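Colleague: curious how this folds, go ahead:
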Amino acid sequence: MAGITGAQAQSFGLDGLLPQGGASASGRIVQIVAMLTVLSVAPGLLMMVTSFSRFVIALSFLRSGLGLQSTPANLILVSLALFMTFFVMAPTFDKAWQDGVLPLVENRISEGEAYAKITAPFRDFMLAQTRPQDLRLFADLAPASIRPQDPAQAVDLRVLIPSFMISELRRAFEIGFLIALPFLVIDMIVATIVMSMGMMMLPPTVISLPFKVIFFVLIDGWNLLIGGLVRSYS
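Modeller: Modelled structure (predicted):
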């Protein structure tokens, strides 16, 4: 009997696995599932609401303009864009942590209050970088339930995020054009010289590639490009 009693004493129920609180067990399970879902889509959220997309697209245009297929490698470009994103978004991340995440962890505010305080810095950042035309487009396309009724009303994130994304894509392609234009001029000059010399079988890119690389190095291209990308958010 003593062994049975000891085994029963070591058994545990579902309540022991779930944190204590006012919500029911099913509510806690829903919260856990929601948290796991957010963590699984976190990389996508990072690209949608931060400066990552502008950086990685501009760096991709640079590699294409130079004519290099795999140098720098994708891992290097993505890592550089990621750390540049952390640099630019540092004030936003710090404000979201201090105002929303930290008070929630310390049980000083509820989940609803934490959500509003965490999203507020990202909302301000996206509004500052979104073109009014793009915001107006999605506001007109949105259903009446999420459409802002007056200018003083906060824009719903379901309207703001896609507006911010297409604004970032437009700006990234503008920067990409400015990056690719000098390299295109070099390609045209080299192609003209090669054709005038009658070397029809020689691909112009074979000759233009070292000239483009040395041109980019001599003008301190990495410093100019990274500095311009970061200042574009000032």
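Colleague: only C-alpha atoms for contact and neighbour calcs from this point on.
Modeller: Fine.
Colleague: what about residue 108, neighbour count?
Modeller: Neighbours of residue 108 under the rule other Cα atoms under 10 Å: 12.
Colleague: distance check, it against residue 114.
Modeller: For residue 108, the distance to residue 114 equals 9 Å [Cα to Cα, to the nearest Å].
Colleague: kindly report the same for residue 42.
Modeller: 17 Å.
Colleague: what does residue 175 give?
Modeller: Distance from residue 175 to residue 114, by Cα to Cα: 36 Å.
Colleague: now do the helices in this protein.
Modeller: In the chain, the helices defined using DSSP state H lie at 2-10, 25-40, 42-49, 52-66, 74-88, 90-96, 102-105, 111-129, 132-141, 157-196, 204-218, 221-231.
Colleague: possible to save these as a markdown table with mean neighbour count and mean pLDDT?
Modeller: Compiled in a markdown table, the helices of the chain are given as follows (neighbours: other Cα atoms under 10 Å; pLDDT from 0 to 100):
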| stretch | mean neighbour count | mean pLDDT |
| --- | --- | --- |
| helix 2-10 | 9 | 49 |
| helix 25-40 | 12 | 71 |
| helix 42-49 | 14 | 77 |
| helix 52-66 | 21 | 89 |
| helix 74-88 | 16 | 89 |
| helix 90-96 | 16 | 88 |
| helix 102-105 | 15 | 79 |
| helix 111-129 | 17 | 84 |
| helix 132-141 | 15 | 84 |
| helix 157-196 | 17 | 87 |
| helix 204-218 | 15 | 83 |
| helix 221-231 | 14 | 89 |
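Colleague: what's the spacing between stretch 103-115 and its chain's center?
Modeller: Taking Cα atoms, centre = their mean, to the nearest Å, the mean C-alpha location of stretch 103-115 is offset from the chain mean by 25 Å.
Colleague: just the endpoints, please. Distance across that stretch?
Modeller: End-to-end distance of stretch 103-115: 11 Å, with Cα to Cα as the criterion.
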